[in-house]
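Peer 1: sequence plus the predicted model coming up.
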Amino acid sequence: MMSFSSETLSKIVNNKDEFVKWLYERYAKKLLAYTIKTYLPDKDDAWSVVYKTLYKIADVAAEREFENEFKFTGFIFKTHINYLRNFLRDNKSFEKHNQEVELHENFTDREPETQSTQNLPLTILQQELEKLEDWQRILLLMRGQDMPYSKISEFVNKPENQLKVYYARLKKQLTENVNAELEKIKTPQHVN
């Protein structure tokens with residue numbers, strides 16, 4: 001696999017097939033993992049969005065200059081998030097239909113409680129992550145991959161010396177919110 005440099009990028013950016021291959025080898029797995037974990041559990045839909053991102057980058061990268069790999073990666077990540085948002089917006093009716101089918105299957109399943117309780121914490125976590133701002137999700141994702149705060153600050157436009165505090169608060173807030181939601185569901189509601 002080729003390393004990143006502005007010279008490497010300028011050499012391969014004009015050969016679209018080679019460039020897409022390079023992008024795929026370097027970024028596809030990371031984008032896919034983020035997409036499945038955060039937004040789209042369906043692997044086919046996730047791959048579709050990843051491919052759209054890679055081909056879009058291949059189309060527009062020649063028109064731009066990037067100071068370093070982190071700026072380039074940030075550009076890819078922002079482009080990918082935009083495609084994810086577009087996909088989710090365009091597929092709201094698709095999503096609603098799938099939820100109805102899933103609900104119907106749960107009612108006819110012999111063990112619906114086991115199935116729903118296994119997915120419940122993940123569903124609540126996804127809902128809580130959706131409430132966060134983009135920079136907060138990026139911080140959680142990149143720090144979860146052990147990326148140093150100095151590099152993360154380039155993506156989120158926040159001071160490096162404050163990111164550690166933001167990260168600790170976000171983790172605590174996320175944990176508390178998920179636990180509170182789970183507790184609400186476990187505690188039966190008393191009706192007067």
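Peer 2: Arrived safely, thanks for sending. Numbers count the residues shown, from 1 in each chain.

Peer 1: show me what counts as buried in the helix ranked longest in the chain.
Peer 2: Ranked by residue count, the top helix of the chain under DSSP state H comes out as helix 160-186. Neighbour-count burial for helix 160-186 flags 163, 166-167, 170, 174, 177-178, 181 (criterion: 16 or more other CB atoms under 10 Å). The way it works is simple: take the backbone N, C-alpha and C, and place the C-beta from them, glycine included.

Peer 1: same check on stretch 137-154?
Peer 2: For stretch 137-154, by 16+ other CB under 10 Å, it's 137-143, 147, 149, 152-153.

Peer 1: what does stretch 46-54 give?
Peer 2: 46-47, 49-54.

Peer 1: would you pull up how far that stretch lies from the middle of the chain?
Peer 2: Here stretch 46-54 is found 12 Å from its chain centre; the criterion is CA atoms, centre = their mean, to the nearest Å.

Peer 1: got it, and stretch 27-37?
Peer 2: Here stretch 27-37 is found 7 Å from its chain centre; the criterion is CA atoms, centre = their mean.

Peer 1: looking at this protein, which helix or strand does the model trust least?
Peer 2: Ranked by mean pLDDT, DSSP states H and E, the weakest helix or strand in the chain is helix 92-108, scoring a mean of 45.

Peer 1: what distance do you get for Leu88 to Lys30?
Peer 2: 20 Å (CB to CB, to the nearest Å).

Peer 1: with Ala62 instead?
Peer 2: 23 Å.

Peer 1: show me the shaky parts of the protein.
Peer 2: 1-11, 92-119, 187-192 (pLDDT under 70).

Peer 1: in it, which spans are helices?
Peer 2: With DSSP H as the criterion, the chain has helices at 6-12, 16-23, 29-38, 43-60, 69-90, 92-108, 112-131, 134-144, 149-156, 160-186.

Peer 1: contact partners for Thr53?
Peer 2: By CB atoms under 8 Å, 6 or more residues apart in numbering, Thr53 lies in contact with 31, 76, 79-80, 83.

Peer 1: which of the residues you listed count as buried?
Peer 2: Buried by 16+ other CB under 10 Å: 31, 76, 79-80, 83, out of these.

Peer 1: can you give me the neighbour number for the residue nearest to Lys43 when sequence neighbours are not counted?
Peer 2: Among residues not flanking Lys43 along the chain, Ile36 sits closest, at 6.5 Å (CB to CB, 6 or more residues apart in numbering). By the criterion of other CB atoms under 10 Å, Ile36 has 16 neighbours.
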